[in-house]
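Peer 1: Sequence unavailable; structure follows:
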């Protein structure tokens with residue numbers, strides 16, 4: 001007992017890193033060891049045995065599309081969705097995104113369809129509010145006002161939209177090929193089609209982000225701001241999904257001869 005007391009009095013002069021290897025980053029205090037126990041070894045040697053503190057693994061912070069279910073497996077939190085995509089809440093009950101190549105294509109399709117849906121929703125509301133003609137009857141209405149004939153509109157759409165969509169299609173499979181001189185009829189504007197962010201579907205640049213909402217213009221050069229871009233990506237995909245759901249409702253309403261603005265006149 002006397003030997004233990006004498007030895008324990010001298011233990012304070014030893015460096016805690018020597019006594020407790022588990023906390024080598026600590027200073028010279030024995031308090032750095034979470035749990036310390038002294039056991040005599042060879043009559044005079046004492047060993048610090050530290051019990052490793054077990055902490056819960058921090059949550060990834062990924063939100064779930066079905067938060068009420070905790071153990072849903074791949075139904076709630078599919079292993080092939082890691083949260084890297086904007087707006088990823090683990091919704092893939094059919095397992096469509098198991099293949100990385102398919103997942104990339106589905107995200108591209110979601111973005112494009114969502115952008116068209118947002119444009120269509122605005123056009124439906126503004127068009128009917130201005131003309132009073134339901135959106136699904138606008139093309140055939142006798143009183144419809146259009147400065148162009150149907151053939152002119154169709155030809156222009158096929159020419160311009162077809163050209164742009166074909167460039168987008170090629171760029172998806174072979175990124176960067178559409179920002180060279182031969183890929184555009186206007187060689188001086190080839191740089192406008194360059195991807196300034198390096199992210200598929202979000203080219204940015206002075207041409208696609210003229211207001212510099214997701215970047216900054218410094219010395220006439222576009223510099224992407226990925227902090228802003230990440231926030232805008234999430235906002236866009238949320239609005240896109242809402243617009244696609246709204247368009248689906250508009251189609252059902254049109255089948256019954258109703259319009260989204262009909263609730264204000266009924």
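Peer 2: Good, I have the coordinates. Being a predicted model, the structure only gives us computed values, none of them experimental.

Peer 1: Ignoring the adjacent residues along the chain, who's closest to the most centrally placed residue in the chain?
Peer 2: Nearest residue to the geometric centre of the chain (C-alpha atoms, centre = their mean): residue 86, 1.1 Å. Once flanking residues are discounted, residue 86 sits nearest to residue 233: 3.8 Å by C-beta to C-beta, 6 or more residues apart in numbering. For every residue, glycine as well, the C-beta is placed using N, CA and C.

Peer 1: how about that neighbour, phi and psi?
Peer 2: Residue 233 adopts backbone torsions of phi -60, psi -40, taken as degrees, to the nearest 10.

Peer 1: Can you tell me how far residue 157 is from residue 165?
Peer 2: Distance, residue 157 to residue 165, by C-beta to C-beta, to the nearest Å: 11 Å.

Peer 1: any weak-confidence spans in the chain?
Peer 2: 1-61, 141-146, 181-188, 263-266 (pLDDT under 70).

Peer 1: ok, longest helix in it?
Peer 2: For the chain, the longest helix by residue count, based on DSSP state H, is helix 100-131.

Peer 1: next one: that one to chain centre, how far?
Peer 2: 17 Å (C-alpha atoms, centre = their mean, to the nearest Å).

Peer 1: For it, name the packing helices and strands.
Peer 2: Based on contacts counted as 3 or more C-beta pairs under 8 Å, 6 or more residues apart in numbering; DSSP states H and E, the elements that helix 100-131 packs against are helix 150-173, helix 226-255.

Peer 1: now, of those, which is deepest in the fold?
Peer 2: Greatest average neighbour count among the helices and strands packed on helix 100-131 goes to helix 226-255 (a mean of 15), per mean count of other C-beta atoms under 10 Å.

Peer 1: what's the angle from that helix to helix 100-131?
Peer 2: Angle of helix 226-255 versus helix 100-131, following axes from the mean of the first three to the mean of the last three C-alpha atoms, to 10 degrees, is 60 degrees.

Peer 1: How about the contacts made by the residue nearest to the centre of the chain?
Peer 2: With contacts defined as C-beta atoms under 8 Å, 6 or more residues apart in numbering, residue 86 is in contact with 230, 233-234, 236-237.

Peer 1: Include distance to residue 100 when you put the residues you listed into TSV, please.
Peer 2: Below are these laid out as TSV (distance: C-beta to C-beta, whole Å):
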residue	distance to residue 100
230	21
233	19
234	21
236	22
237	19
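
Peer 1: Pick the one among those residues closest to residue 138.
Peer 2: Using C-beta to C-beta, residue 236 comes nearest to residue 138 of these, at 27.1 Å.

Peer 1: thought the closest one was touching residue 114?
Peer 2: Yes: using C-beta atoms under 8 Å, residue 236 is in contact with residue 114, at 7.5 Å.

Peer 1: before we move on, back to that, among the contacts of residue 86, which one sits closest to residue 204?
Peer 2: Relative to residue 204, and with distances defined as C-beta to C-beta, the nearest of the contacts of residue 86 is residue 233, at 11.2 Å.
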